[in-house]
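Enquirer: Mind folding the following:
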Amino acid sequence: MPIRTKIECPECGADLVVKRGGVCPNCGARISEHVARVRSREKRIEQIVAVAGTILVVGVAVVSSGATILEGIAAYAIVGAVLYYLARRTFV
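Expert: Have a look, this model is predicted:
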């Protein structure tokens, strides 16, 4: 489930909950292009995280297929930590 980030007006910094006619309801600045850029960035981030997560999970499944249950749990924990770190750096 994607998490929507807050989109703020580039002029006044107000949270843009509803885009009414392509202008900020607070200050009247044009925001259509700004909202499109932010949404495009969100989509790119979601795609990167999904691809990286899939690659890491498949890789761990292949590498740890002969491992014991504790080694498998440790491998998945490490991959989860790496994915969290990559995702966190991506959202900055």
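Enquirer: alpha carbons only for contacts and neighbour counts from here, please
Expert: OK.
Enquirer: Return the helix or strand in this protein with minimum mean pLDDT.
Expert: helix 69-90 (a mean of 80; mean pLDDT, DSSP states H and E).
Enquirer: Which elements pack onto it?
Expert: Using 3 or more Cα pairs under 8 Å, 6 or more residues apart in numbering; DSSP states H and E as the contact criterion, the elements in contact with helix 69-90 are helix 32-63.
Enquirer: Pass me the low-pLDDT residue ranges in the chain, would you?
Expert: 1-5, 18-19, 89-92 (pLDDT under 70).
Enquirer: ok so, going back, if we look at the least confident helix or strand of the chain, which residues are touching it?
Expert: 45, 49, 52-53, 56-57, 60, 64-65 (Cα atoms under 8 Å, 6 or more residues apart in numbering).
Enquirer: Can you check those residues and name whichever has the most neighbours?
Expert: With neighbours taken as other Cα atoms under 10 Å, the top of the contacts of helix 69-90 is Gly53, carrying 19 neighbours.
Enquirer: hmm, back to that, can you tell me which of the contacts of helix 69-90 is closest to Ile31?
Expert: Ile31 lies nearest to Ile45 out of the contacts of helix 69-90, by Cα to Cα, at 21.2 Å.
Enquirer: Distance check, the closest one against Val35.
Expert: From Ile45 across to Val35, the span is 15 Å (Cα to Cα, to the nearest Å).
Enquirer: Equivalent analysis for Ala75, please.
Expert: Taking Cα to Cα, one finds Ala75 at 39 Å from Val35.
Enquirer: got it, and Gln47?
Expert: According to Cα to Cα, Gln47 stands 18 Å off from Val35.
Enquirer: The two - which one has more neighbours?
Expert: A count of neighbours by other Cα under 10 Å puts Val35 above the other of Gln47 and Val35, at 18 against 12.
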